[in-house]
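Using only what follows, build the 3D model:
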Amino acid sequence: MNADEIIEDIINKELHFHFAKSGGPGGQNVNKRETKAELYFNINDSQNLTPEQKQRLIVVGGNMVHHEESILIMTCKEERYQNANKEKVTHHFRQLLEKILSEPEKRIATKIPKNEREGRIKEKKIASKIKQSRRIPPLDY
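Below you'll find the model as predicted:
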């Protein structure tokens, strides 16, 4: 399965949604409609992710992951309608999964070129001589 199929399978089968009142400013609609969408995803119970991907999701998820149960909770309360918030939080979850499922690029260690290293040493020696010239010479009696 490729990444898109895995994401679609997770979204269709493994996500749970809960809706609540948003709170905050916004007039009467906020106080009586449950428009805030909360997305719940149990990382450990996922059938589609490998253990490495699960661990990466826990790390990248940060404070959205409740570590005792390894449950990812994402919320959205920006829109006025429940369905719009649900679509938005699903979109953010999809972006997070795309980031997790792509293999991280290996860093290739590089060395500092020899002439650059020598240039740094020359600059240090010049700075050292300038500082030495500022010193007060010792008095010999």
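
next helix or strand past the helix-or-strand element of the chain with minimal mean pLDDT?
Least confident helix or strand of the chain, by mean pLDDT, DSSP states H and E, is helix 28-32 with a mean of 70. Helices and strands here follow DSSP states H and E; after helix 28-32, the next one along the chain is strand 36-42.

Quick one: mean pLDDT for that next one?
Mean per-residue pLDDT for strand 36-42: 93.

got a list of contacts for that strand?
With contacts defined as CB atoms under 8 Å, 6 or more residues apart in numbering, strand 36-42 is touched by 10, 14-23, 69-77, 82, 85-86, 88-90, 93. C-beta here means a position set from N, CA and C on the backbone, and glycine is covered the same way.

and the helix or strand just after that strand, how far out from the chain's middle?
Heading C-terminal from strand 36-42, the first helix or strand you meet, by DSSP H and E, is helix 51-61. Offset of helix 51-61 from its chain centre (CA atoms, centre = their mean, to the nearest Å): 11 Å.
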